[in-house]
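Engineer: any chance you could fold what I've pasted below:
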Amino acid sequence: MTHLSDFSYLERVSQNVLIAAYILYVIWTVDNFQSFEWRKLKKMEHKTIIAIFVLLDIVFFVVYDFIAVDFKYREGFYSNPKTGKIQTKPAARYSEHDKFLADEVCGPLINLSFSLQSSATFLLMAYYQEIIKKSMLMCKMPIQSFMSSTEHKIYTVYSAVSFSLYFILGKIFSGSEILRVVCPQLLFHFENLLCISLIAWINIRISLLTKNISDGGGPTYRKFEARLSAVRRQNTLLGACIAMEMFGLGLINMDILFWKFGGFLPVFYENKYRTDVLTCMFSLGISLHTLPIVNILFPQEKLNTGGARLATCDRSSVVGAGSIVTGSHVILVSTHTPVRRRSGTVDALLGDKTS
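Structural biologist: Below you'll find the predicted structure:
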């Protein structure tokens with residue numbers, strides 16, 4: 001991606017380092033890294049594999065950007081003699097050392113990062129079946145199938161196929177300086193378009209599911225609906241981030257292909273302002289797309305009311321410090337209130353008073 005704006009590499013590496021730190025903090029506070037236990041990794045659980053792919057995706061992109069920042073700023077800009085304008089310096093004009101870094105080091109790194117993102121996203125599509133099932137079990141609802149076993153297997157198998165396609169394309173087009181860079185990225189854009197379509201379809205199915213199992217708006221249904229609504233919101237955010245990646249980098253790639261092989265004048269590539277705008281769009285998408293994935297895997301949201309947790313799956317239960325559910329009524333108490341269960345009922349003790 002040496003055709004992208006110079007500052008974008010520095011900007012993106014800063015974003016990704018901060019986001020990686022935030023993701024590790026979320027996993028630590030929500031999961032205490034239990035999803036990374038060896039027994040879960042040995043079972044190849046979807047949640048564990050997706051989380052690892054997301055983290056490795058960020059790591060490889062950060063390494064890629066660190067290397068790119070070094071040689072991009074060392075090479076500087078390029079004054080186009082045809083237009084008289086300053087633009088990003090083409091890789092063909094790099095020194096031999098920097099050309100080696102761009103082609104033989106950064107090329108495989110960026111393809112590896114793209115392949116990890118695509119594989120993680122397709123595995124996430126399969127993981128929605130487990131999310132729905134767990135949500136139903138949590139709320140003691142009749143289990144309904146969200147997707148067929150065939151669909152689940154297709155997502156899982158293609159995630160493995162996708163991982164290898166990027167390196168295969170790089171080898172096939174290794175003789176062309178342009179195609180060996182652009183073709184894996186075109187695959188990335190195609191998969192992004194496919195993922196956006198699947199995300200929209202998943203959201204529609206989640207909405208239909210919540211409507212079909214409605215029990216008249218009872219407490220069990222409200223709990224289930226709240227969980228799936230949160231998933232749907234994060235899913236929509238993920239689709240928006242992927243769209244930013246696809247349009248930002250995709251337009252630049254198509255501009256180069258039409259210019260080199262179609263004889264069309266470049267619209268974006270030789271205009272630094274337009275290139276910077278599209279690069280900024282791509283960089284935001286590539287940095288932010290990991291957040292909704294992590295929020296889906298490790299949900300932090302609670303149904304809170306004034307610091308108390310609301311849970312309605314059990315008819316009479318203690319649902320965390322600060323709240324009590326009895327039948328369909330929620331009693332809010334102090335966060336430091338001692339709570340005990342007695343003879344099938346729940347008493348909340350506030351000193352000498354009962355709420």
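Engineer: by mean pLDDT, which helix or strand of the chain comes out lowest?
Structural biologist: The helix or strand of the chain with the lowest confidence, counting by mean pLDDT, DSSP states H and E, is strand 345-350 at a mean of 34.
Engineer: tell me which element residue 183 falls in.
Structural biologist: Using DSSP states H and E, residue 183 sits in helix 179-212.
Engineer: helices or strands next to the next helix or strand after that helix in the packing?
Structural biologist: Remark: after helix 179-212, the chain's next helix or strand is helix 219-262, criterion DSSP H and E. With contacts defined as 3 or more C-beta pairs under 8 Å, 6 or more residues apart in numbering; DSSP states H and E, helix 219-262 has these neighbours: helix 107-138, helix 179-212, helix 272-288, helix 290-297. Where you see a C-beta, it was placed from the backbone N, CA and C, and this is true even at glycine.
Engineer: ok, residues contacting the shortest one?
Structural biologist: Going back to what we said before, that points to helix 290-297. The contact list for helix 290-297, computed with C-beta atoms under 8 Å, 6 or more residues apart in numbering, reads 19, 22-23, 26-27, 35, 47, 50-51, 54, 57-58, 120-121, 124, 127, 131, 231, 234-235, 237-238, 241.
Engineer: mind listing what residue 228 touches?
Structural biologist: Neighbours of residue 228 in contact, by C-beta under 8 Å, 6+ apart: 132, 135, 206, 209, 210.
Engineer: by neighbours, which of those wins?
Structural biologist: Neighbour counts for the contacts of residue 228 peak at residue 132, which has 22 neighbours (criterion: other C-beta atoms under 10 Å).
Engineer: what pLDDT does the model give that residue?
Structural biologist: Reported pLDDT at residue 132 in the predicted model: 86.
Engineer: before we move on, what about residue 171?
Structural biologist: 84.
Engineer: tilt between whatever helix or strand it lives in and helix 107-138?
Structural biologist: Element membership for residue 171, per DSSP H and E: helix 149-172. Counting by axes from the mean of the first three to the mean of the last three C-alpha atoms, to 10 degrees, helix 149-172 lies at 170 degrees to helix 107-138.
Engineer: tilt between helix 149-172 and helix 179-212?
Structural biologist: 170 degrees.
Engineer: restricting to C-alpha, output helix 149-172 in CSV.
Structural biologist: Only the C-alpha atoms of helix 149-172 are listed here, as CSV (Å, rounded to 0.1, in the frame of the first residue of the first chain):
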residue,chain,number,x,y,z
SER,A,149,-25.5,-26.5,10.5
THR,A,150,-24.6,-26.2,6.8
GLU,A,151,-24.5,-22.4,7.0
HIS,A,152,-22.5,-22.6,10.2
LYS,A,153,-19.9,-24.9,8.5
ILE,A,154,-19.7,-22.7,5.4
TYR,A,155,-18.7,-19.7,7.5
THR,A,156,-16.1,-21.8,9.4
VAL,A,157,-14.6,-23.5,6.3
TYR,A,158,-14.5,-20.3,4.3
SER,A,159,-12.6,-18.5,7.1
ALA,A,160,-9.8,-21.0,6.6
VAL,A,161,-10.0,-20.8,2.8
SER,A,162,-9.9,-17.0,3.0
PHE,A,163,-6.8,-17.1,5.2
SER,A,164,-4.8,-18.8,2.4
LEU,A,165,-6.3,-17.0,-0.6
TYR,A,166,-4.3,-13.8,0.0
PHE,A,167,-0.9,-15.6,-0.2
ILE,A,168,-2.0,-17.6,-3.2
LEU,A,169,-3.0,-14.4,-5.1
GLY,A,170,0.3,-12.8,-4.1
LYS,A,171,2.2,-15.8,-5.6
ILE,A,172,0.1,-15.9,-8.8
